[in-house]
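# Predicted model, plus sequence, below.
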Amino acid sequence: MAKTFKPTFYITTPIYYVNDIPHIGHAYTTIIADALARFKRLAGSDVFFLTGTDEHGQKIEKAAAEKGLSPKELADRVVVRIKDLWKALDISNDYFIRTTEPFHERGVQKIFQRLLEKGDIYKGTYQGWYCVGEENFLAEDVPLAADGRKICPDCGRPATIVEESTYFFRLSAYAGPLLDFYAQHQNFVRPQSRMNEVVSFVRMGLKDLSITRTTVKWGIPVPGDPAHSIYVWFDALHNYLTGIGYDWDMKLCEKFWPADIHLIGKDILRFHAIFWPAFLMAAGFALPRCVFGHGWWLKDETKMSKSKGNVLDPYVIIRAFGPDPLRYFLLREIPIGTDGNFSHEGFIHRVNSDLANDFGNLVHRTLTMIRTYSQGIIEDPGDELEEDAKVRVDFDGLKEKAYGFYDSAAINKALEEIWAYINAVNKYLAAREPWKLAKDPGQRKRLTRVLYQAAAAIRGVSYLLFPVMPASCRKIWEFLSEKNPIEALPWADLKLSGLAVGQQTREPRPLFPRVDLKDFLAEEARQTAPAKTEETMDIVTFEEFKKMDLRVAKILKAEKVPGTTKLLKMEADIGGEKRQMVAGVADTYAPEDLVGKELIVIVNLKPAVIRGIESQAMLLAAVIDDKAVIPFFDRELPPGAKVK
Ligand code: MSP
């Protein structure tokens, strides 16, 4: 059999520092990369999507010391949480690289050695202002502040003078070759405005770059001179090669290198558009095809960052809505390249209006009508009438436009077009009034065609939306009882009429529940309230403790709360009385794990309404890395037994 040729597509995110867990700004980079990777897979490319963590350097050394941990211990803890977050956000990376992995360290040392032998790395002495927060020497033209110190222009914190014997990379020799390369590859940096910024910077001339430190212990040792450790940026940038096999699977490396897109935030553009290609040229590698610098998410008009204390925790949103509304909002709200201001109002508006009203309702209404009027079966629609053709013709147009927009990373534009189509289908349904057709047996054929057209449209739309909202689109294909998963259908084969006739659809569950802004803000405040430390923990008197009615409860029934990833609804026997409970334990336990189990609940807590369901008791659990772990008993007890 002839082999079909699949073009390769290699996309990367920056590797994240492990001094803290990612906020929405970091999640943004990864979500964009994920959407593009998913699109390229549908479009028929052989994709490699790499993300990971940047674990060496002074920043991590310092953060670990503050927490009383070794840098590796801190990294190990944070990595688990980062991986969990990517899982919760449905990120489909092919590999997760850690710069502390031995193969990465070896790869970096090997390239270092090669450049040393070639003379592109040489030993000297360096004195300069260094910003620990940004792991970066300040440019010489940064002026001295009134107190005689320099302030880091990126993070606003004071820098310190560092003087040390160091190895330099001969960056000055690469200004000319870089300018030639930029001239021949106008799309190397996107958006275009950023390309201009890079070119003017290089035109001013480049100085050799200090790429080792003796003051930082937590790093990859220079081969043969271990008092020096390799500068964290030299180390980190090479993850893009070691992550696809450099030096340990050269076949894989050759298959995917050069990268098609290095997706990054605009703050790390110079590292990627100047240093990185210069390192690669020196070592004799081909250069990446594109460095795409996206804008920042701001909160109250300033960049979201840990040091400014204005970060938003993605988990708060994921817990309440699942991953898709956040993915949708971040990708829809701004073009990749400009800054955006994250507002709760804006987010809730998008969820309620675009997702719940426009799209969610269309799906729900269509499937409900098919259940009511056709026993849930997609019936043979017969010939298409001219008045129905628009839904199909517009879909063909949409498919082509969406392809173009996704392919040029204009995801927000693709989403705008998809929504215009969703609204047109909503109008089509309103105009055809299937509920009226259903009353007239003579209109049976018309009704079947209208329902088919709408169901085919939601199938097609969910295919096109899959790169952005994979979990919801998968559900829609399940509602429609599609035989194959979305990923199995090549983009080229997608047709509106691809919806098979005769299949029995399933009962639709709400995809995007509407949320009230006030409720969401209250929930966020509750979840982000600083945890009390032992010193500040309020003292509870025994009298107060005695007020709590803790009991053994036996779980009788358990099921997932639709539209959530974390919540289980349970019914428990608390001693001759049944109570309904909602708890955020679905990450750790499947419903069947809990049925028949006995655990501890508080039965006299004021009932709370969670996702519209009254919770009449609360179970006790430890929360480790955001996951609940329930204490169980070592023997069977009578339900309702008191726990004191
Ligand atoms: N470790 C380096 C990257 C090395 S790549 C070889 C680093 N890490 S980071 O964790 O600080 O940032 C990673 C990415 O998150 C960067 O692309 C950065 O631009 C992005 N963001 C951090 N805060 C952001 C916002 N508030 N908004 C959007 N993206 C932001 O830099």
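Arrived safely, thanks for sending.

# Now Gly337. Nearest residue, chain neighbours left out?
Excluding its sequence neighbours, the residue lying closest to Gly337 (CB to CB, 6 or more residues apart in numbering) is Pro191, at 4.2 Å. Placement of C-beta: from N, CA and C, glycine included.

# How about Thr338?
Per CB to CB, 6+ apart, closest to Thr338 is Gly295, 4.6 Å.

# Number of residues surrounding Lys110?
Lys110 has 15 neighbours, counted by other CB atoms under 10 Å.

# likewise Pro441?
Pro441: 8 neighbours (other CB under 10 Å).

# Could you check how far it is from the ligand?
Distance, Pro441 to the ligand, using CB to the nearest ligand atom, to the nearest Å: 58 Å.

# OK, now which residue of this protein is nearest to the ligand?
When scored by CB to the nearest ligand atom, the chain has Gly265 as its residue closest to the ligand, at 1.6 Å.

# was I right about that residue contacting Gly25?
Yes: between Gly265 and Gly25 there is a contact at 7.4 Å, judged by CB atoms under 8 Å.

# Spell out which residues are contacts of both of those two.
Any residue near both Gly265 and Gly25 by CB atoms under 8 Å, 6 or more residues apart in numbering counts here, and that gives Trp296.

# if you count what's nearby, which of the two comes out ahead?
Neighbour count, other CB under 10 Å: between Gly265 and Gly25, Gly25 has more, with 23 against 19.

# and the gap between the more buried one and Cys290?
Taking CB to CB, to the nearest Å as the measure, Gly25 falls 21 Å from Cys290.

# and if you look at His23?
Remark: distance between His23 and Cys290 (CB to CB) = 26 Å.

# How about Leu298?
25 Å.

# Ok, Tyr403 next?
Applying CB to CB, the value for Tyr403 to Cys290 is 18 Å.

# Repeat that for Val552.
Distance from Val552 to Cys290, counting by CB to CB: 60 Å.

# Over to Glu543?
Remark: distance between Glu543 and Cys290 (CB to CB) = 67 Å.

# out of these two, which sits in the busier spot?
Taking neighbours as other CB under 10 Å, Glu543 and Cys290 compare with Cys290 leading, 18 against 7.

# isn't there a helix covering Gly293?
No: per DSSP: H, G, I helix; E, B strand; the rest coil, Gly293 lies outside any helix segment and is strand.

# where exactly do the strands run in the stretch 51-200 of the chain?
95-98, 121-131, 136-137, 160-169, 189-190 (DSSP state E, counting those that start in this stretch).

# JSON lines for the ones you listed, including mean neighbour count?
Output for those, formatted as JSON lines (neighbours: other CB atoms under 10 Å):
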{"stretch": "strand 95-98", "mean neighbour count": "18"}
{"stretch": "strand 121-131", "mean neighbour count": "17"}
{"stretch": "strand 136-137", "mean neighbour count": "20"}
{"stretch": "strand 160-169", "mean neighbour count": "17"}
{"stretch": "strand 189-190", "mean neighbour count": "22"}
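
# export these to TSV and tack on mean pLDDT and distance to the ligand?
TSV is the format used below for those (pLDDT from 0 to 100; distance: least, CB to the nearest ligand atom, whole Å):
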stretch	mean pLDDT	distance to the ligand
strand 95-98	98	10
strand 121-131	90	13
strand 136-137	78	10
strand 160-169	90	15
strand 189-190	96	14
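
# Columns distance to Cys152 on top of these, output as CSV?
Converted to CSV, the strands of the stretch 51-200 of the chain look like this (distance: least, CB to CB, whole Å):
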stretch, distance to Cys152
strand 95-98, 27
strand 121-131, 4
strand 136-137, 8
strand 160-169, 10
strand 189-190, 23
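
# Quick one, which of the ones you listed gets closest to Glu636.
Distance to Glu636, taken as CB to CB, is lowest for strand 95-98 among the strands of the stretch 51-200 of the chain, at 42.3 Å.

# so what strands line up beside the closest one?
Pairing partners of strand 95-98, with direction, according to DSSP bridges: strand 46-54 (parallel).

# Wondering if the strand it pairs with reaches the ligand at all.
Yes: Strand 46-54 lies within reach of the ligand by CB under 6 Å from any ligand atom, at Asp54.

# per-residue confidence averaged over that strand?
In this model, strand 46-54 carries a mean pLDDT of 98.

# just checking, Asp407 touches Ala43?
Yes: checked against CB under 8 Å, the pair Asp407 and Ala43 is within contact range at 7.4 Å.

# Neighbour count: those two, which is higher?
Using other CB under 10 Å, the more surrounded residue of Asp407 and Ala43 is Ala43, with 17 against 13.

# Can you tell me how far the residue lying farthest from the centre of the chain is from Arg432?
The outermost residue of the chain, judged against the average C-alpha position, is Gly442 (50.7 Å), by CA atoms, centre = their mean. Distance of Gly442 to Arg432, given as CB to CB: 15 Å.

# again, but for Gly376
From Gly376 to Arg432 the distance is 20 Å (CB to CB).

# and Ser408, how many residues sit next to it?
With other CB under 10 Å as criterion, Ser408 counts 12.

# right, and Phe405 touches Lys399 too?
No: Phe405 is not in contact with Lys399 according to CB under 8 Å; the separation is 11.1 Å.

# Just the C-alpha atoms of whichever strand or helix holds Trp435, please, in CSV.
Per DSSP states H and E: Trp435 is located in helix 434-437. C-alpha atoms of helix 434-437 as CSV (Å, rounded to 0.1, in the frame of the first residue of the first chain):
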residue,chain,number,x,y,z
PRO,A,434,-40.6,23.0,13.5
TRP,A,435,-43.0,23.0,16.5
LYS,A,436,-45.8,24.1,14.1
LEU,A,437,-44.8,21.7,11.3
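
# Please work out which residues outside that helix touch it.
Under CB under 8 Å, 6+ apart, the answer for helix 434-437 is 369, 373, 443, 446-447, 450-451.

# Closest to Arg327 out of those residues?
Using CB to CB, Met369 is the member of the contacts of helix 434-437 that sits closest to Arg327, with 28.6 Å.

# list the helices and strands the helix or strand that contains the closest one packs on?
Per DSSP H and E, Met369 falls inside helix 361-374. Using 3 or more CB pairs under 8 Å, 6 or more residues apart in numbering; DSSP states H and E, the elements in contact with helix 361-374 are helix 411-432, helix 434-437, helix 444-465, helix 470-479.

# quick one: contacts of the helix or strand just after that helix?
In the C-terminal direction, the helix or strand that comes right after helix 361-374 (DSSP H and E) is helix 386-407. Helix 386-407 is contacted by residues 35-36, 39, 43, 384, 411, 413-414, 417-418, 421, 424-425, 428, 449-450, 453-454, 456-457, 460, 464, 467, 491, 494, 496-497 when judged by CB under 8 Å, 6+ apart.
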